[in-house]
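**Student:** below is the sequence, then the predicted model.
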Amino acid sequence: MKILSIVGARPQFIKLGPLSRELRKKHDEIIIHTGQHYDYSMSELFFNQLEIPAPDINLEVGSGGQGEQTAKMITGLEKNIIEIKPDIVLCFGDTNSTLAACIASVKLFVPIIHIEAGLRSFNRSMPEETNRIVADHTANLLFAPTPAAIINLRNEGLEAKSILTGDIMVDSIAFVQSKLSSNIYSETGYFLMTLHRPYNVDNPDKLNHLFNSLKNIEKLIIFPVHPRTLKIIHDNKISIPETIKLIEPQGYVEFQGLIKYADKIITDSGGLQKEAYISGKPCITLRPETEWIETVDSGWNFLLNIYDNNLTNKIITFEPPVSHPEIFGLNVAQRMVNEIENWF
Ligand code: UD1
Ligand code: UDP
């Protein structure tokens with residue numbers, strides 16, 4: 001089979017890693033990178049650490065408005081899909097690169113498989129929610145990570161093309177476990193934080209309010225800063241309390257090492273909520289809702305509003321239960337490749 005994998009943003013490289021390795025045992029894989037993420041520490045570093053072959057094509061679309069960025073991707077993808085003539089296109093998650101991959105492929109009648117299908121926040125103010133819905137409705141085969149995702153797909157009449165495979169990031173995490181670095185930051189413990197959702201970081205007052213609240217947690221907070229967030233901090237000269245240590249975006253190996261030694265995770269990232277759960281770390285999610293509802297239902301993930309009057313105390317006192325059921329599956333890449341072969 002000739003399989004075209006389309007990626008463009010950090011979480012997609014992480015999802016591609018284990019699947020690409022498994023696919024290449026028997027099939028031809030071509031990788032197109034849209035260029036949505038382009039800094040070395042947001043892109044190439046992940047290809048290196050996850051041992052993914054360099055992309056065959058990079059469309060280099062770069063940053064831009066929602067429509068502008070997506071339009072450039074569709075234009076570039078259409079031209080390349082016509083030339084490559086793949087048997088199947090694989091798309092991942094819910095970014096603008098996912099949306100463009102689906103629109104370009106469906107109009108050229110190329111079968112699409114959506115990895116991480118069925119996630120819903122039911123919050124249309126997130127660009128990702130639109131991207132996911134379009135991806136699930138245009139793709140021909142849907143790989144759902146969890147039973148809750150299958151229920152969402154059933155509710156939209158998509159169950160017949162859906163398969164519960166587990167979550168591919170289980171394999172990404174497993175791949176780097178033997179390479180993790182030791183605890184270089186603090187013997188006395190720390191919280192690990194990431195933030196990049198536009199509704200949290202694009203408003204400098206909200207970001208400032210959060211940092212001022214977090215000052216009251218007398219604990220080191222390690223904060224690898226997403227370039228979107230760093231730009232807002234710089235442009236608005238937002239001051240950072242001493243207890244919050246800003247560092248560059250980390251490689252996957254270094255970041256999994258940071259999770260391993262963290263006491264708690266504070267985030268608005270989708271991927272990190274899962275990784276916190278899989279790594280057995282309590283997670284505080286600074287969002288009004290989450291797609292990863294199982295992590296909340298299990299008691300390991302706690303949703304918190306940045307403007308909550310009791311934010312600091314809630315972060316300090318949050319403790320998960322003892323029980324920690326397996327949610328995301330095992331050996332997912334192998335399962336997915338078997339399903340692709342059976343289906344094609
Ligand atoms: C995108 C995805 C989001 C995903 C996130 C993962 C969409 C709509 N959003 O959000 O779903 O969770 O990636 O990280 O697809 N920038 C750089 N260097 C880079 C990349 C970005 O400096 O390599 C800066 C630019 O100022 C850019 C901004 O970050 O304008 C936002 O980048 P963009 O890819 O548009 O959205 P993300 O916030 O990264
Ligand atoms: N991540 C990383 N280095 C960092 C921050 C995050 O390797 O400095 C990884 C993290 O382990 C997770 C993924 O990036 O697997 C999450 O991506 P992101 O938060 O950018 O996007 P989302 O998951 O919210 O779409």
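**Tutor:** Structure's in. What do you need? Numbering: from 1, shown residues only. Ligands and ions are numbered 1, 2, ... in the order given.

**Student:** surely Trp292 touches Gln273?
**Tutor:** Yes - contact criterion Cβ atoms under 8 Å: Trp292 and Gln273 qualify, at 4.8 Å. Backbone N, C-alpha and C define where each C-beta goes, glycine included.

**Student:** the nearest residue to Lys245 once chain neighbours are set aside in helix, strand or coil?
**Tutor:** In space, Lys245 comes closest to Ile222 once its chain neighbours are excluded; the distance is 5.3 Å by Cβ to Cβ, 6 or more residues apart in numbering. Under DSSP: H, G, I helix; E, B strand; the rest coil, Ile222 falls in the strand class.

**Student:** pLDDT below threshold where in the stretch 101-250 of the chain?
**Tutor:** Residue ranges of the stretch 101-250 of the chain with pLDDT under 70: none are present.

**Student:** mind checking how far Asn331 is from ligand 1?
**Tutor:** Going from Asn331 to ligand 1 by Cβ to the nearest ligand atom, to the nearest Å gives 26 Å.

**Student:** leaving aside the residues next to it on the chain, what's closest to that residue?
**Tutor:** Asn331's closest residue in space is Asp171 (Cβ to Cβ, 6+ apart), at 7.0 Å.

**Student:** may I have the phi/psi pair for that neighbour?
**Tutor:** With angles defined as degrees, to the nearest 10, Asp171 sits at phi -70, psi -30.

**Student:** re earlier: I'd say the residue nearest to Lys245 and Glu248 touch.
**Tutor:** No - under the contact definition of Cβ under 8 Å, Ile222 does not touch Glu248, with a separation of 11.5 Å.

**Student:** with neighbour numbers in mind, choose between the two.
**Tutor:** More crowded of Ile222 and Glu248, by other Cβ atoms under 10 Å: Ile222, with 19 against 12.

**Student:** that one: what's it in contact with?
**Tutor:** Applying Cβ atoms under 8 Å, 6 or more residues apart in numbering, we find Ile222 in contact with Tyr185, Tyr190, Phe191, Leu192, Met193, Lys245, Ile247, Leu258, Ala262.

**Student:** list the contacts for the fifth one?
**Tutor:** If a contact means Cβ under 8 Å, 6+ apart, then Met193 has Leu214, Ile221, Ile222, Phe223, Ile244, Ile265, Ile266, Thr267 as its contacts.

**Student:** which residue ranges of the stretch 1-150 of the chain form strands?
**Tutor:** 2-7, 28-33, 57-58, 88-92, 112-115, 141-144 (DSSP state E, counting those that start in this stretch).

**Student:** could you dump the ones you listed to JSON lines with distance to ligand 2 and mean neighbour count?
**Tutor:** Formatted as JSON lines, the strands of the stretch 1-150 of the chain follow (distance: least, Cβ to the nearest ligand atom, whole Å; neighbours: other Cβ atoms under 10 Å):
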{"stretch": "strand 2-7", "distance to ligand 2": "12", "mean neighbour count": "25"}
{"stretch": "strand 28-33", "distance to ligand 2": "15", "mean neighbour count": "21"}
{"stretch": "strand 57-58", "distance to ligand 2": "19", "mean neighbour count": "18"}
{"stretch": "strand 88-92", "distance to ligand 2": "10", "mean neighbour count": "26"}
{"stretch": "strand 112-115", "distance to ligand 2": "13", "mean neighbour count": "26"}
{"stretch": "strand 141-144", "distance to ligand 2": "17", "mean neighbour count": "25"}
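
**Student:** could I get the ones you listed as CSV with distance to Leu304?
**Tutor:** Shown next, in CSV, are the strands of the stretch 1-150 of the chain (distance: least, Cβ to Cβ, whole Å):
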stretch, distance to Leu304
strand 2-7, 31
strand 28-33, 35
strand 57-58, 38
strand 88-92, 28
strand 112-115, 29
strand 141-144, 27
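
**Student:** tell me how many other residues crowd the one residue in the stretch 101-250 of the chain that gets nearest to ligand 1.
**Tutor:** Residue nearest to ligand 1 within the stretch 101-250 of the chain: Pro227 (3.2 Å; Cβ to the nearest ligand atom). Pro227 has 16 neighbours, counted by other Cβ under 10 Å.
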